[in-house]
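Participant: Predicted model follows, preceded by the sequence.
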Amino acid sequence: MPKVSDAHRESRRDQILDAALRCFTAQGFQATTMADIIAASSLSAGAIYGYFPGKRELAVAAARRAIAGRVEDVFAAAAAGPIPPAAVLRAIAEGFERDGIASGLVVQLWGEAASDPEFRSVATEAFGDLARIFGTRFAEWASTVRGMSAADAAEWARQTLPVLLALGQGLIVQSALLPGFDRERYLAAVEGLLG
C-alpha cells in the first residue's frame with residue numbers, strides 16, 4: 001500500500017475542518033452533528049474519525065486555525081510599517097470574513113469557553129498570541145505616529161491592550177447580534193478613541 005504524504009494528510013484535514021466550519025456557521029455549533037460534518041465533507045465517517053475523535057475536537061482545531069490566520073493577517077497588515085489600532089481590528093474582522101468564519105460562530109465558541117476547559121485554553125492562548133502581536137505593533141505605532149519614546153510607547157501599548165482586545169470583542173459581538181451593524185463607523189470610532 002502506498003504511503004500517504006504529509007501534504008495529503010494536511011489537505012484532508014483542511015477539507016474536514018472546512019466542512020465543519022461550514023456546518024457550524026450554517027447551523028450553529030450545538031446543533032451541528034458529526035453526521036452533518038461527514039455529509040458536508042464528502043468523506044467517510046472513518047476518514048473523519050481518523051483525524052478527529054469528535055465535534056468538540058473539530059471545533060477546537062478550527063478555532064486554532066482561525067486564530068493562526070488572524071495572527072498572519074496582522075503580520076501582513078503591519079508589513080509596510082506601523083499599523084494603527086483600528087487597522088489591526090479591520091485586518092482581523094476582514095480575515096474572519098474572507099475565511100468564511102461568521103462572527104456568530106466566534107461568539108458561540110467563546111460561549112463554549114466559559115464552561116469547557118479545552119475551549120478556554122484555546123481562547124486564552126489566542127488572546128495571549130494576539131496580545132503579544134498587538135503589543136509590539138501598537139508600541140511601534142505609538143512611537144512612530146505619536147512620537148513617544150520606546151519606553152513610553154511600550155507602556156502605552158501595555159495599558160491600552162486590554163481595552164483594544166475588548167473593542168475587538170465588541171466588534172465581533174455587535175456584528176453578530178446587531179442588524180445593520182456598521183463596521184466602518186465602529187472602526188472610525190476606535191480610531192477616534194485611540195488615534
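Facilitator: Yes, it's here. Numbering: from 1, shown residues only.

Participant: give me the number of residues near residue 117?
Facilitator: The number of residues packed around residue 117, counting by other C-beta atoms under 10 Å, is 9. In short, each C-beta sits where N, CA and C put it, glycine included.

Participant: swap that for residue 119, sorry
Facilitator: 20.

Participant: so is it in a helix, a strand, or just coil?
Facilitator: helix (DSSP: H, G, I helix; E, B strand; the rest coil).

Participant: same check, this time on the one 3 residues further on
Facilitator: Here residue 122 is helix, with the state taken from three-state DSSP.

Participant: Report the contact partners of it.
Facilitator: By C-beta atoms under 8 Å, 6 or more residues apart in numbering, the contact set of residue 122 is 60, 63, 64, 67, 109, 113.

Participant: Return the distance of it relative to residue 142.
Facilitator: As judged by C-beta to C-beta, to the nearest Å, residue 122 and residue 142 stand 29 Å apart.

Participant: so who does the closest residue to residue 28 other than its chain neighbours touch?
Facilitator: In space, and not counting its chain neighbours, residue 28 is closest to residue 108: 6.2 Å by C-beta to C-beta, 6 or more residues apart in numbering. By C-beta under 8 Å, 6+ apart, residue 108 lies in contact with 24, 28, 29, 30.

Participant: Now the last one, what are its backbone angles?
Facilitator: Which is residue 30. Note on residue 30: backbone dihedrals following degrees, to the nearest 10 are phi -60, psi -40.

Participant: and the nearest residue to it once chain neighbours are set aside, what element?
Facilitator: The shortest distance from residue 30 to any non-neighbouring residue, by C-beta to C-beta, 6+ apart, is to residue 108 (7.5 Å). Applying DSSP states H and E as the criterion places residue 108 in helix 103-113.
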